[in-house]
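[1] here is the input, now give the coordinates:
(one chain, ligands or ions: 1)
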Amino acid sequence: MKKLLTVAIFVFFSFVSFAQNDITSKAKAILAKMTLEEKIGQLNLIIPGDGAVTGSVVSSNVENKIKTGKVGGLFGIYTPEKIRKAQDLAVKYSRLHIPMIFGLDVIHGHKTIFPIPLGMSASWDMGLIEQSAQIAAKESTADGLNWAFSPMVDIARDARWGRISEGSGEDPYLGGEIAKAMVRGYQGKDLSSNNTMMACVKHFALYGGAEAGREYNTVDMSRIKMYEYYLPPYKAALDAGAGSFMSSFNEIDGVPATANKWLLTDLLRKQWGFKGFVVSDYTSVNEMVNHGIGDLQTVTARSLKAGLDMDMVGEGMLTTLQKSLTEGKVSLAEIDQACLRILEAKFKLGLFDDPYRYIDEARPAKDILSTDNRTAARNMAAHSMVLLKNDKQVLPLKKSGTIALVGPLADNRRNMLGTWVVAGDWKQSVSVLEGIKQAIGNSANIIYSKGSNITDDTALFLKRVNALGVEAEIDSRSPEVMISEAVAAANKSDVIVAVVGESANMSGEAASRADIGIPASQQALLKALAKTGKPLVIVLINGRPLTLVWENEHATAILDAWAPGTEAGNAVADVLFGKYNPSGKITATFPRSVGQIPIYYNHKNTGRPFDGTGFPKYKSNYLDESNEPLYPFGYGLSYTSFEYSPVMLSKTKLKGEEKLTATVTLTNAGKYAGEEVVQLYITDPVASVTRAVKDLKGFQKVLLQAGESKEISFRITTEQLSFFNSDLKKVWEPGKFIVHIGTNSSHVQSAELEWNK
Ligand code: BGC
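    Model (predicted):
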């Protein structure tokens, strides 16, 4: 059997490398016919101007550039009609008829919008996450696209950073599993088929490490931290076969990623073996002038030499490479290399066989926003929601009596999709009010009241939040009038459901926040509602972990719904009324206060650890705040309750490459069927370098009927014991290990063992 498997693997890899060789030789044949200008043209990626514009648009005269072979790809446009028109210019008019590649920020769905990625990650459901990317690929290829600027796999430990919403949180193992699922979803088994697209792993690298959580800020990080915690998801995406990478805006070791040779060549290509192409981020080549490493010609030459292949928007390559070649600052071989990689990508996508492969005017009507796609988005959204609190089992709600539905995000379609929805139309989304009405029919009464504005801070906050269009409106009524109307509704009701939190672009790119609480206007509303003494259920709409100490103390229940996407209201209703029993678990720690940030579960012990008791001096703690988060990584409740037995190990003394099995018995001790994410962590208490207090090494999502018990086993190998040592070598060192299995990173059952070489 083993032999058969080895032969199968050999045949598979021989086939892959044969296919790659074949593509390379075909691409080389085209390269041989190209002029220098045409080669440089392939390195140019531009945005014609009616898509998402996150920087200054510098392209003009786009039509003429395409016709004269000065454009390798476009992004920011979609629909078969528009893309056909653009592709025609390249294929019919340019001298060598080289097709263009068409990209877009398809981040969490194309037109059927799924929850924001941070929300999807909370499902811990790789099958559903893969399916979301597959549907996104089906919809976007139906719209003429073939390249998704996703997955975003940046690890983030700082909830002030707005783009934490676009990733999978703080853990490298979970982040890596999700990265692989997304790449599988987009690229499928055959990249050249007309319903799959090329993934672009971003932002390479370490973008989530921006100092103080401030967007585009400096990153400065030790190699050990990079290798152990920040790089694994990029590597996982590469191993899953991702066809392209995007360089990040930030610097690494004093050199911006876009011109960082260590990053783009030594690590990505030489150590990791990446064979695809690397595109810059939006004008990140030009921005190196601001970083202070030279003028446009210098930084562009540096980026090419470092291993960058394609220049997004800034046209530094288009306008300076020829001069740099003449002056000997870059070589023809370097230009050829970059061009070859882009031609190869186009071959992989099947564009040379048929430049119109992804262009079919009949597809949007059947493939986009179909009932099936919407059902999948609703299911994904329900699975992504996290029950943070549920006192007195107030949830699930009964479909009877009177419900006061309040809050500025309750009767609100506009903010349900969250950040980065270039093609998503908020008018297609279902508000929470609509979803609840649909779910209860005539069996209960609803009194709706807005209660507050999303924010009353018109001077600063609102202007920045509304920069992309009015998503947070100011009501003509005064805050006092709005609150008293909501309180009156609450007084007439049996339960209050308050839908509060952040508007869509309060998180995402260029949306860092120094205060990550619910905005003051909504807090005032919540405080007034709490005073009524009625059960208060908070439904949070948010793009990041928030500080919720007051809310956790005073609300009866809190359901974190993130930005749930097109089917928002239906999915919220599914969970509130118990059609789906929540199973989400947070993937980024919720701090008690901003002062604790960066806060993450896999921290080090330090030389003076604080065990949480008393008020000792000279311990690693704060004078005015606990070390503990409000909700730890992996936390989330269910309508049922799960009990864990102690951990049973198949052995407690092991040697060499032996394998270990760790088992717990999980019991559903409550009244409802439900899913639990069983989490495996390992501690390596003594090693040659300091290790985290624990690291996630496995998880399983299991469904148990009420009263059912099941044995859950994890196979543990030395791979899960290994780490990067001071020489950046992945090793495992013998000695004692602690295996933990539990419901979240803070609540686990533990067992010790010894593993020797
Ligand atoms: C973002 C990228 C995005 C690109 C293209 C940039 O501002 O950082 O994530 O893919 O714009 O829209």
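
[2] quick one: mean pLDDT for stretch 470-482?
    Mean per-residue pLDDT for stretch 470-482: 93.

[3] how close does Tyr230 get to Gly634?
    Between Tyr230 and Gly634 the distance is 19 Å, computed by CB to CB, to the nearest Å. From N, CA and C alone the C-beta is placed, and that goes for glycine too.

[4] again with Ala504
    Taken as CB to CB, the span from Ala504 to Gly634 is 27 Å.

[5] Gly735: how many residues sit nearby?
    When neighbours are counted by other CB atoms under 10 Å, Gly735 registers 14.

[6] who's it bridged to?
    In this entry, Gly735 is beta-bridged to Trp755, by DSSP bridges.

[7] which ones are touching it?
    For Gly735, the contacting residues are 684-687, 754-756, by CB atoms under 8 Å, 6 or more residues apart in numbering.

[8] could you list the domains of the protein?
    Split into domains by automatic domain parsing, the chain comes to 1-29, 382-596, 642-756.

[9] all strands for the stretch 151-300 of the chain, in order.
    Here the stretch 151-300 of the chain has its strands, by DSSP state E, counting those that start in this stretch, at 198-204, 244-247, 251-252, 255-256, 277-279.

[10] identify the residues contacting the last one?
    Residues outside strand 277-279 that contact it (CB under 8 Å, 6+ apart): 45, 200, 204, 243-247, 264, 268, 307-312, 338, 341-342, 344-345.

[11] tell me the pLDDT of whichever residue of the stretch 451-600 of the chain sits closest to the ligand.
    Closest contact between the stretch 451-600 of the chain and the ligand, by CB to the nearest ligand atom, is at Glu509 (5.6 Å). Note for Glu509: predicted pLDDT of 97.

[12] wait, it touches Ser165, no?
    No: taking contacts as CB atoms under 8 Å, Glu509 lies outside contact range of Ser165: 9.4 Å.

[13] any residues in contact with both of these two?
    Common neighbours of Glu509 and Ser165 (CB under 8 Å, 6+ apart) are Thr419.

[14] quick one: which of those two has more around it?
    Regarding Glu509 and Ser165, a neighbour count based on other CB under 10 Å identifies Ser165 as having more, with 34 against 19.

[15] ok, back up a step: so the residue of the stretch 451-600 of the chain closest to the ligand: helix, strand or coil?
    Counting by DSSP: H, G, I helix; E, B strand; the rest coil, the backbone at Glu509 sits in coil.

[16] contact partners for it?
    Glu509 neighbours (CB under 8 Å, 6+ apart): 54, 162-163, 166, 215, 419-420.

[17] of all the residues you listed, which two lie farthest apart?
    Glu215 and Trp420 (14.0 Å; CB to CB).

[18] looking at these two, which is more packed in?
    Trp420 (29 against 16).

[19] quick one: the more buried one and Gly508 touch, right?
    Yes: look at Trp420 against Gly508 with CB under 8 Å: they come within range, at 5.8 Å.

[20] identify the contacts common to these two.
    What both Trp420 and Gly508 touch, as defined by CB under 8 Å, 6+ apart, is the set Glu166.

[21] residues touching stretch 360-380, excluding its own?
    Contacts with stretch 360-380, where a contact means CB under 8 Å, 6+ apart, come from 79-81, 84, 109-115, 120, 123, 128-129, 131-132, 135, 138-139, 141-143, 194-195, 428, 565-567, 570-571, 574.

[22] quick one: that stretch to chain centroid distance?
    In terms of CA atoms, centre = their mean, to the nearest Å, the centre of stretch 360-380 is found 22 Å from the chain centre.

[23] with stretch 178-195 instead?
    16 Å.

[24] also stretch 576-583?
    With CA atoms, centre = their mean, you get 24 Å for stretch 576-583.

[25] now do that stretch, average pLDDT.
    For stretch 576-583, the per-residue pLDDT averages 98.
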